[in-house]
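**Q** This is a predicted model, with the sequence first.
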Amino acid sequence: MARYTGPKSRIARRFKEPIFGPDKSLEKRNYGPGQHGPNKRRPKQSEYGIQLMEKQKAKYTYGILEKQFRNLYKKAKASNGITGEVLLQLCEQRLDNVVYRLGISPTRSGARQFVSHRHITVNGEVLNIPSYQVKEGDVIGVREKSKSIPGITASIASNNKSFDWMEWNPSEMSGKFIKVPERVQIPENIKEQLIVELYSK
């Protein structure tokens, strides 16, 4: 199975949340996709269906395939912390997500592309693995030859978000991953306990 490249607005409308970023289509039509739209009667979801939807939402949000996501869950379950919270922390520590959070790219898919195309460095070394788990103290920056790329410069110039667990150095076009974020600091609207319950069956 390849990574999802289909209509993003359709997925956002399914979950009724802008999981891929601001979406004008979702704002205009805040109901499920399909020709019947808001008039379609949907059967009451089962407990399993609700849990599955939450897992799918998390996977689409972070752009992770099932095998990778299940491996992250296993790693979270084996840790000493709360499984659901650790799962989201591991998702947040992915290199492509950190590049997105720093504002180097306006989307996670764009951040993944920048990493894959060798535009990103970790501690001064070029790294092209989007799933790399960033550690506390790591410095993530833009490769010297890539600092003039229009997509990167435009994203950084328009970025107005900052997060307590990272710091950004505009002159160096690099950021430091200070610490692993706590659950309350992660802005994503994901009910991680439902995912844990699904995988626990």
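**A** Everything's here; your move.
**Q** dump the residue contacts of Gln51.
**A** Contacts for Gln51 (C-beta atoms under 8 Å, 6 or more residues apart in numbering) come out as 194-195, 197-198. (Glycine included, C-beta is placed from N, CA and C.)
**Q** which of the residues you listed lies closest to Met166?
**A** Nearest to Met166 among the contacts of Gln51, counting by C-beta to C-beta, is Ile195 at 24.6 Å.
**Q** ok, Leu127 - how many residues close by?
**A** Per other C-beta atoms under 10 Å, the neighbour tally for Leu127 reads 17.
**Q** I figured it hits Leu95, correct?
**A** Yes. The pair formed by Leu127 and Leu95 meets the contact definition of C-beta atoms under 8 Å, at 6.7 Å.
**Q** Save the contacts of Gln51 as CSV, and put in secondary structure, pLDDT and distance to Gly63 too.
**A** Shown next, in CSV, are the contacts of Gln51 (DSSP: H, G, I helix; E, B strand; the rest coil; pLDDT from 0 to 100; distance: C-beta to C-beta, whole Å):
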residue, secondary structure, pLDDT, distance to Gly63
Leu194, helix, 96, 20
Ile195, helix, 96, 16
Glu197, helix, 96, 23
Leu198, helix, 95, 19
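**Q** from those, which two are the most distant?
**A** Farthest pair in those, by C-beta to C-beta: Ile195 and Glu197, 7.3 Å.
**Q** Name the residue in the two with the higher neighbour count.
**A** Legend: neighbour count by other C-beta under 10 Å for Ile195 and Glu197, higher for Ile195 (25 against 17).
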